[in-house]
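>>> Please find the sequence and the predicted model below.
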Amino acid sequence: MSQTLKAVRGTRDLLPPETALWNRIEAIARDVFARYNFGEIRTPVFEDTALFARSVGEDTDIVSKEMYTWEDRARAQSEKTQSLTLRPENTAGVVRAYIEHGLGESGQLQKLYYIGPQFRRERPQKGRYRQFAQIGAEVIGPPSTGSESPLRDAEILEMLATLLDELGITGWTLELNSVGSAADRARYNDALRAALVAVVGQMCADCQRRAVTNPLRVLDCKVPADQPIIATLPVIADSLDEASQAHFAAVTAALDAAGVPYTLNHRLVRGLDYYTRTTFEFTHGGLGAQNALLGGGRYDGLSEAMGGPKAPGIGFAMGEDRLVLTLQALETAQPQTVADAFVAPLGESLNPAALALARELRHAGLRVELGEGSFRLKRSFEAADKIARRIVILGEDELQSGILTVKTFSTGIQTKVPRAELAAFLAGPAKG
RNA sequence: GCGGCUAUAGUUCAGCGGCAGAACGCCUGACUGUGGCUCAGGAUGUCGUGGGUUCGAUCCCCACUAGCCGCCCCA
């Protein structure tokens, strides 16, 4: 086994019929995005390493230890090597493209969605892969386009509720929080650090480490003994300035008006540095430890941090692999695609005529499988019964008379059908 | 990166220090132009890889690799 090549760790092949589910998910997503007037953007799968370091944050796990990074070698004396990285997420690339193409200059709010693979070098487990697919969208533009409006936040969340519903994902939960402006967040971080000094000694080892590296993460702690202590810590809502409070109130008011259910979770802090104000997650049980179907938030300062114009924005990324897992768990049976007809030539001499017949039927929009003339008829029947609703027998008699023999498997009824009527007959319901 | 469990036929899994097993699936025939149900027969394989212990290892030990689960973190 060690001699044969295998898909590398954390990557996998998607095969039929599972790929049908992936395609269905993507088709529904594209349809919903189109109705909300989003356009598709496709950014490169790899980018300059500095892009992710600056946007996602040097100290995040993603950048500090999970990126696939390599030194692209110089091809000429005059060329420098360049550090490149497979994208670990797509928001940075979208914002880079926004800046690079001056999309803000259009004066229009940019509403962009993407579907594609992302890469993180993590330990694989259920719902977590080293190459995984995300479906995401970003709403971004200069302030004059209304990009900063809480209505945009609410609209995105309402769209996500619609998308999950249309995908058939029942039982999702929307968790919502505000981490405030960059200034609010800095102020809260200070308050948290100060409060932790007195109590951190009584907390778990992880929290003692987090208290230094990333105090916000302490709020995520799941150790039961730590919960009473966490309850005494300052809440980020108290560190929000008036504008941030008003923004968050406007988001929830719009959600209430639209009838989108949510729960406030003032402990919801997200791992990427660029988030400001609204942050959210849609979660679902049954995904094990990876219960987040999607996550996102507002990033009002990201464009400027990357050297671009002021361009507030909000976006999300949805784990397509996790959508698939959730849907597979919800669906009792995966619908098997079945061909409309199996064309069975009787004898190799009839192969050419069989191709012509299959071509005719396929042009009529039918899903057709083509057998092989060297098969014994029994073999053709066995094969056909597994993958098609009907079998069309093409022997010398049928070819000469132009009247084909058709058998429908569900009923066992066999009839003769003139070639001119064959396509219409096969398109009909599978009765006689 | 850390911890637990696992690795045997195409698949799901039994198994035992001494000839490699079941179910399903697959192939052949009963039926030379008729599937499903039935019956008869057949092939399933470097027992994850490498090393060690042993007269002998699929089994015991070690390492590696991979998968699953948890931690960390995230989608």
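All right, it came through fine.
>>> And the lowest-mean-pLDDT helix or strand in chain A, how far out from the chain middle?
Using mean pLDDT, DSSP states H and E, the weakest-scoring helix or strand in chain A turns out to be helix A:205-213, at a mean of 77. Distance of helix A:205-213 from the chain centroid (Cα atoms, centre = their mean, to the nearest Å) equals 32 Å.
>>> now swap in stretch A:408-422 and tell me
The answer for stretch A:408-422 is 43 Å, by Cα atoms, centre = their mean.
>>> again with stretch A:100-115
Worked out by Cα atoms, centre = their mean, stretch A:100-115 lies 21 Å from the chain centre.
>>> ok, now stretch A:347-364?
40 Å.
>>> my read: A:M159 touches A:A34, true?
No - contact status for A:M159 versus A:A34: not in contact, 11.3 Å apart, counting by Cβ atoms under 8 Å. Just so you know, the C-beta spots here come from the backbone N, C-alpha and C atoms, and that holds for glycine as well.
>>> and the least confident helix or strand of chain A, does that touch RNA strand B?
Yes - using Cβ under 7 Å from any atom of the strand, we find that helix A:205-213 touches RNA strand B at A:206, A:210.
>>> In terms of secondary structure, what does that helix contact?
Taking 3 or more Cβ pairs under 8 Å, 6 or more residues apart in numbering; DSSP states H and E as contact, there are no helices or strands that helix A:205-213 lies on.
>>> what do you get if the cut-off is 10 Å, keeping everything else the same?
Under the contact criterion of 3 or more Cβ pairs under 10 Å, 6 or more residues apart in numbering; DSSP states H and E, helix A:205-213 touches helix A:182-199.
>>> who does the helix it packs on touch, helix- and strand-wise?
Using 3+ Cβ pairs under 10 Å, 6+ apart: helix A:182-199 touches helix A:205-213, helix A:227-232, helix A:242-258, strand A:276-283.
>>> Pick the most buried one from these.
When those are scored by mean count of other Cβ atoms under 10 Å, the highest mean neighbour count falls to strand A:276-283 (a mean of 24).
>>> Tell me the gap between that strand and the middle of its chain.
Relative to where its chain is centred, strand A:276-283 has its mean C-alpha point 16 Å off (Cα atoms, centre = their mean).
>>> If you compare the directions of it and helix A:182-199, what angle comes out?
70 degrees (axes from the mean of the first three to the mean of the last three Cα atoms, to 10 degrees).
>>> out of the helices and strands packed on helix A:182-199, nearest to A:G171?
Within those, the stretch nearest A:G171 is strand A:276-283; the backing value is 9.8 Å (Cβ to Cβ).
>>> Tabulate the CA atom coordinates of that closest one in CSV.
Extracted as CSV, the C-alpha positions of strand A:276-283 are listed here (Å, rounded to 0.1, in the frame of the first residue of the first chain):
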residue,chain,number,x,y,z
THR,A,276,-15.2,44.8,14.1
ARG,A,277,-18.7,45.3,15.4
THR,A,278,-21.1,42.6,14.3
THR,A,279,-19.9,39.0,14.5
PHE,A,280,-22.0,35.9,14.0
GLU,A,281,-22.0,32.2,13.6
PHE,A,282,-24.6,29.8,12.4
THR,A,283,-24.2,26.5,14.2
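>>> looking only at pLDDT, what's the mean for it?
Taken as a whole, strand A:276-283 carries a mean pLDDT of 94.
>>> close to RNA strand B, is that strand?
Yes - on the criterion Cβ under 7 Å from any atom of the strand, strand A:276-283 is in touch with RNA strand B at A:E281.
>>> following that strand, which helix or strand shows up next?
Later in the chain than strand A:276-283, the nearest helix or strand by DSSP states H and E is strand A:292-298.
>>> mind listing what that following strand pairs with, with the direction of each?
strand A:276-283 (antiparallel), strand A:313-319 (antiparallel) (DSSP bridges).
>>> Mind checking the ones you listed for the one nearest to A:G127?
strand A:313-319 (7.1 Å).
>>> Please work out the average pLDDT along the closest one.
Strand A:313-319 comes out at a mean pLDDT of 96.
>>> and what of stretch A:118-128?
The model assigns stretch A:118-128 a mean pLDDT of 91.
>>> What residues does the stretch 101-250 of chain A have near RNA strand B?
Near RNA strand B, when you scan the stretch 101-250 of chain A using Cβ under 7 Å from any atom of the strand, you find A:120, A:122-129, A:132, A:134, A:206, A:210, A:214, A:217, A:220-222.
>>> First-to-last residue distance for stretch A:385-404?
18 Å (Cα to Cα, to the nearest Å).
>>> what secondary structure does A:F381 sit in?
helix (DSSP: H, G, I helix; E, B strand; the rest coil).
>>> Thought A:I391 was touching it, still the case?
Yes - if you go by Cβ atoms under 10 Å, A:F381 and A:I391 touch, sitting 6.3 Å apart.
>>> The two: who's more crowded?
A:I391 (23 against 18; other Cβ atoms under 10 Å).
>>> isn't there a strand covering the more buried one?
Yes - according to three-state DSSP, A:I391 belongs to a strand.
>>> Kindly state the beta-bridge partners for it.
Applying DSSP bridges, one finds that A:I391 bridges with A:F342, A:K407.
>>> Quick check: neighbours shared by A:F381 and A:I391?
A:342, A:344, A:371, A:407, A:409 (Cβ atoms under 10 Å, 6 or more residues apart in numbering).
>>> What pLDDT is listed against A:A329?
pLDDT at A:A329 comes out at 83.
>>> pretty sure it contacts A:L287?
Yes - counting by Cβ under 10 Å, A:A329 touches A:L287, with 8.4 Å between them.
>>> Give me the more crowded residue out of these two.
Per other Cβ under 10 Å, whichever of A:A329 and A:L287 has more neighbours is A:L287, with 19 against 11.
>>> In contact with the more buried one, which residues are there?
A:L287 touches A:126-128, A:293, A:319, A:322-323, A:325-326, A:329, counting by Cβ under 10 Å, 6+ apart.
>>> burial measure for A:A388, as a count.
There are 22 residues near A:A388, going by other Cβ under 10 Å.
>>> do the same with A:F375
That count, for A:F375 with other Cβ under 10 Å as the rule, works out to 18.
>>> A:T411: how many residues sit nearby?
For A:T411, using other Cβ under 10 Å, the count is 11.
>>> now swap in A:D48 and tell me
So A:D48, with other Cβ under 10 Å, has 15 neighbours.
>>> Check A:T81 too.
For A:T81, using other Cβ under 10 Å, the count is 11.
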